[in-house]
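Participant: Show me the folded form of this:
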Amino acid sequence: MCNELRSYYKVYGPCLPRRCHGAAGSLDEFEESVQNMLLSPAMKEPDSLHGRAEEPKASNEAVEFLASVSPRKVDQCLFVDSLVTVSDSGRELGEFCVSIQKASYQDEPCYLVHANSHGTIDNIPCGTSIVAYVSKSLETLEQNHHEYMKMQGHTLDRKVNIVRQDDHLVVNRVITEKEEKKKQTFTFPLHSLRGFVSEASNLLIQRILARQKKIPDKMTFLSFTADTQISASTYTELGTKKQMVGKEVVDVFGIERTISCGEDITETWHCYFLQDGHLSSRVQIGSAVMMNLLQLPSTVSEDKDQKPVFEKKPLIWEEDMELHSKFLDRKEELKADHSSYVRHHPELKTLLADFLQFLLLRKPQDVFSFARDFFAPFDTRRPPDSSFKTSRTMIVPKVLGDK
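Facilitator: Numbers count the residues shown, from 1 in each chain. You can find the predicted model right below:
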């Protein structure tokens, strides 16, 4: 394995799901398992498609919680979180941002959830981003999840699209390694996903739970693992503790989220929140990095006329899935429009061909003046005698079928 991958492991290896680096989490195990993940296991079909001895189910408490969430509760959670990713030594590695706002999806009022985490380790760009539309009842209408790691001579890119189509949830997964792409599509009936929570919905649920500072017992939802397997996702209350944010010590409320990946393997996150629901810290158990809030956010005003002010950050549109998708769509739209115009105006090619031919024959020192004189006869606003004066100094060839 290349040195860049080893450097990546030193910081992010323990953050990866345990299916990638094993329980011991050693570098050798990480190297072997990542290579295996790139070749085939990441592309295996979810166990749910082959059948299991016992399918996971959401608890009644979780289903009742989803039904009890009102639009007013969700509207109190519409703000931006911005944290810094730091190593166990305190060195800043990147940033983690989450924004939730009102939106519309296919004429249906909903919420737009945008989360991204980007960083650079030893000049190795890596990160993940989520763009999703979540309904008023916290159901996922569509979610795009993008993860990448760009090393010299070795690139790993993973994109997962989840979209609700009629009475099914369709999952499209694309994994790219260098120039090789592997695509898979899975379909899940909605009736089998009662109590399902996507990563985007999870961000909203945690804010709601943090504001009410109480988590019902046996709060278990359904969720997807990294391999698109249906699994149990359990929320547990961690209580309150003190945390230093900037120069102030504040009370924060903790939530533990655990996803069961089968075979006694779990992935656990500890997240702590301020009283108003802002995220103050986030860490995956066994990871060498964590995300911390460096400065207390401004108090959320109840006055709707007061607009929040957010810190201006550089926009890396190439790494934003939504903006990059719009760029590609607009690019194809312009190419099609330009091609259509050229097809409907064949005289354009003739005119340009004549100009270039005459230009190369004369080879003038001043190309701009030459072009001005060449196209002068086509200017309807130019006095007639000007064309005759120009013709004394240069001979314009017959173009466009002039006789």
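
Participant: Could you use CA atoms for every contact and neighbour count after this?
Facilitator: Will do.

Participant: so what's residue 97 up against?
Facilitator: Residue 97 is in contact with 80-83, 115-117, counting by Cα atoms under 8 Å, 6 or more residues apart in numbering.

Participant: Most widely separated two among these?
Facilitator: 80 and 117 (13.6 Å; Cα to Cα).

Participant: the more surrounded of these two?
Facilitator: residue 117 (20 against 17; other Cα atoms under 10 Å).

Participant: Need the per-residue pLDDT for that one.
Facilitator: pLDDT, residue 117: 87.

Participant: Spatially nearest residue to it, not counting backbone neighbours?
Facilitator: Using Cα to Cα, 6 or more residues apart in numbering and skipping residues adjacent in sequence, the residue nearest residue 117 is residue 96, 4.3 Å away.

Participant: In PDB, could you pull the C-alpha coordinates for the helix or strand that contains residue 233?
Facilitator: Here residue 233, judged by DSSP states H and E, is contained in strand 230-245. The C-alpha coordinates for strand 230-245 follow below in PDB (Å, rounded to 0.1, in the frame of the first residue of the first chain):
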ATOM      1  CA  ILE A 230     -31.000  -2.500   6.700                       C
ATOM      2  CA  SER A 231     -29.900  -2.300  10.400                       C
ATOM      3  CA  ALA A 232     -31.000  -1.100  13.800                       C
ATOM      4  CA  SER A 233     -30.100   2.400  14.800                       C
ATOM      5  CA  THR A 234     -30.500   3.000  18.600                       C
ATOM      6  CA  TYR A 235     -30.500   6.400  20.400                       C
ATOM      7  CA  THR A 236     -29.500   6.600  24.000                       C
ATOM      8  CA  GLU A 237     -29.300   9.500  26.400                       C
ATOM      9  CA  LEU A 238     -25.800  10.400  27.700                       C
ATOM     10  CA  GLY A 239     -27.000  13.100  30.100                       C
ATOM     11  CA  THR A 240     -25.400  16.500  30.500                       C
ATOM     12  CA  LYS A 241     -21.800  17.600  31.100                       C
ATOM     13  CA  LYS A 242     -19.600  20.700  31.000                       C
ATOM     14  CA  GLN A 243     -17.800  21.700  27.800                       C
ATOM     15  CA  MET A 244     -15.400  24.500  27.100                       C
ATOM     16  CA  VAL A 245     -16.500  26.400  24.000                       C
END
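
Participant: where along the chain do the helices fall?
Facilitator: In the chain, the helices defined using DSSP state H lie at 3-12, 18-21, 27-39, 47-50, 60-68, 71-75, 199-212, 321-344, 347-362, 367-375, 384-391.

Participant: Can you give me the distance of residue 339 to residue 352?
Facilitator: Counting by Cα to Cα, to the nearest Å, the separation of residue 339 from residue 352 is 16 Å.

Participant: my bad, should have said residue 124
Facilitator: For residue 124 relative to residue 352 (Cα to Cα), the value is 46 Å.

Participant: Ok, residue 151 next?
Facilitator: Distance of residue 151 to residue 352, computed by Cα to Cα: 45 Å.
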